[in-house]
Structure formats: C-alpha cells, structure tokens
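Colleague: Sequence and predicted structure, then a few things I'm wondering about:
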Amino acid sequence: MKKNLYVISGATGMTGSELSRQFLKGNNIVIGFDNFFASSLDSVKDIVDDENFIFYNYDINVPEHMDIIAKKVKELAGQYNGQLIFINCAAVVHTKHFYEVEHTFQTNVVSMKTFLEMAIALGATSYVNCSTSEVYSMQSWNANGGVKESDFLLMATAEHSQRTSYAVGKLLTEFFMKDAVDKGKIKGCSIRFANVYSKHERFADHIIPHIINNLLEKPQVTLLENSKVNKRTFLHNIDSCRAVMELLASPEALDGTVYNVATDEEISIVDLTKLIAKKMGIDNVEIKFEGFRKSDPERRLLNTDKIRTRTHWKPVVTLDEGLEMCVKSIER
C-alpha cells in the first residue's frame, strides 16, 4: 500500500485535526503545524505521540518556521512511496478578527500563497485550499436549493462593513489556486465550508460554543439582534474532513475550481439555542438579544450538487448527532 506524506497547516484546528487523525489510520506520514490561534494541543492529544505525526507549534506567517517545514519534507523524501499533499487549513476564522484587515490579509492571502508556492517548489502532487462560505457575503442563499459555486457574488463593501475583507481575502486565494492549476504547476481545488463545528471548538464567540458556555452558567443565552431572523446550516468537522479526502481521491475533481461543502439542515439560531438547551437538560431557556452585526446575511444555504456529482461525498453526521457530541464533551 502506498504511503503518502501530508503537510497540514492549522493541524490542531477542527478540520486539520480530524484530517491528521484519518490520514494516520492509513499509516501515512503527517507533518502538521499550528500556532494555536484557534485551537490547542488537546484536539490532537490522541495522536500527538504517533511516530508518523510530526507536529510543530509554528506560525504560517513566520518564514523561518516555513523553512524548517520545507527542510523536514525534504528529509522525509525516502520514507514515503506515495504522494506529497499539502492542505491549507490555516485561517483567521474568529468572528471578531473578520474586521482586522491586515491580520486576515497576511494569514489568509499572503501566507496561503507562500504555502502554495512551497508545495509547488517541493514537487507536491496536490494542494487543497480551505476557503469559506463567507465569500457569498450578502447573496448567500436562494430559493433554488442554495447558492452555487458558479453564481455571481453580491458582496458588502468597505462602506458597509470591514467584515467583508475576510471574504475578499479568501476569494483571492481561490484565484491563486485556479491559476496554479491552469498553468500546470500542481493539482488542487478550493473548498467553501459553511459553519464548521466540532467538540474541540474553543472560540466562545462562535455560536455553538457560545450557547453551550452561556448555558453552563445559567439557563439564559445572550444572542445578537440578528439572531431573531438568522438561519444557518452547520457542518460537522467529520464531514468537512471527509470532503477533503473525497476530493483528493478524485483526481478529475482537482481542477482548480471551487466546491461548496455544507449540509441542507437549516435551522434558526433561536431554535438552535432551544435544541442545545434541551440536550443539556434545560427545558425553559431565556433568550436575550443584545448588539447587532453589520452585513450579516439572514440565511446561508449552499448548493452541494457539484461535490456530490464529482465525488462520493455527502454529509453523514446530522445536526442532532453533532450537537450531542459537543454537549457530551463538555466538563460540568
């Protein structure tokens, strides 16, 4: 059986950690690194001692760190007989930092491009670029089964909100990916994930851990005013990981284009709060509404026909099952 070498940025994040876990099950080698901006070593504590998991507490924005990663890849050249695959899961995903233009640009655009160039220089077979459904901005749903990758975009501008700078940066990475593939430098694609969550998620301002953390203190949750009307779908990290693996297993799909990866289980934020409360044994939850987020679409519903047609992927973790995992993992 061929042994591959995977190089994963954001390796302790939600998708990166699960990918590392799954690749190691196949006796592959994984070089993972993370600066713990959105995670901790806890998410990979079950694999951190695996001899095939080489982990660095490194930052994708630090050239010296990336030089060491490149050197390590070269050192391992004789230890695998399969493919060299790069997966970029590093991203400034915390809602608060959507508004930090310089920070999101450096990590999501400049360093993504540098990581891609490293993969090409090292002769990598393929590169998967994790993008975001934020790219759809103010046109993130329609009545015909959700927005498609080919739909034109309607984006908020700097006149509306700095938040959109995050989406614009991620959109630019998709152009870098397509350009590299079109020029024959590498195989690869970009993935627009929609609201990935997992039991390892640490940011309390993301909606699911925010609700859980509130309910751990008292039967009351504070939500933004937007939540009175907002609806979302939520993608478990097991399914986001499976999407990456299915695309890598389908060479014809690594054509430089973009793939939506999401579920069609849409739920209102208010109903999401009530569902989590019920799972935590709380029948009567009080919901307070404070604050407002600009340029926040009421719905985000993605059409996933493209990835389902070109691969065998479809979501397997229901929202009910995923939330059950999150609630069971908390320490009370």
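Modeller: Received, thanks.
Colleague: Please tell me how far the nearest residue to Ser133 once chain neighbours are set aside sits from Asp239.
Modeller: Using C-beta to C-beta, 6 or more residues apart in numbering and skipping residues adjacent in sequence, the residue nearest Ser133 is Ala194, 4.0 Å away. For glycine as for every other residue, the C-beta is placed from the backbone atoms N, C-alpha and C. According to C-beta to C-beta, to the nearest Å, Ala194 stands 11 Å off from Asp239.
Colleague: Phe53 now?
Modeller: Applying C-beta to C-beta to Phe53 and Asp239 gives a distance of 22 Å.
Colleague: out of the two, which sits in the busier spot?
Modeller: Asp239 (22 against 19; other C-beta atoms under 10 Å).
Colleague: ok, that one touching Thr318?
Modeller: No. In this structure, Asp239 is not within contact of Thr318 by C-beta atoms under 8 Å, at 10.0 Å.
Colleague: remind me which residues of the stretch 51-200 of the chain are low pLDDT?
Modeller: Residues of the stretch 51-200 of the chain that meet the criterion pLDDT under 70 lie in 92-99.
Colleague: and stretch 297-315, how far apart are its ends?
Modeller: Here the two ends of stretch 297-315 are set 23 Å apart, with distance taken as C-alpha to C-alpha, to the nearest Å.
Colleague: With stretch 178-187 instead?
Modeller: One end of stretch 178-187 sits 9 Å from the other (C-alpha to C-alpha).
Colleague: Strands along the stretch 101-250 of the chain, start to end?
Modeller: Using DSSP state E, counting those that start in this stretch, the strands assigned to the stretch 101-250 of the chain run over residues 126-132, 187-193, 196-197, 220-223, 231-232, 235-236.
Colleague: Can you list the strands that the third one pairs with?
Modeller: Strand pairing for strand 196-197, using DSSP bridges, gives strand 235-236 (parallel).
Colleague: what's in contact with the partner strand?
Modeller: Residues outside strand 235-236 that contact it (C-beta atoms under 8 Å, 6 or more residues apart in numbering): 193-198, 261-263, 315, 317, 321-322, 325.
Colleague: How far away from the center of its chain is it?
Modeller: In terms of C-alpha atoms, centre = their mean, to the nearest Å, the centre of strand 235-236 is found 10 Å from the chain centre.
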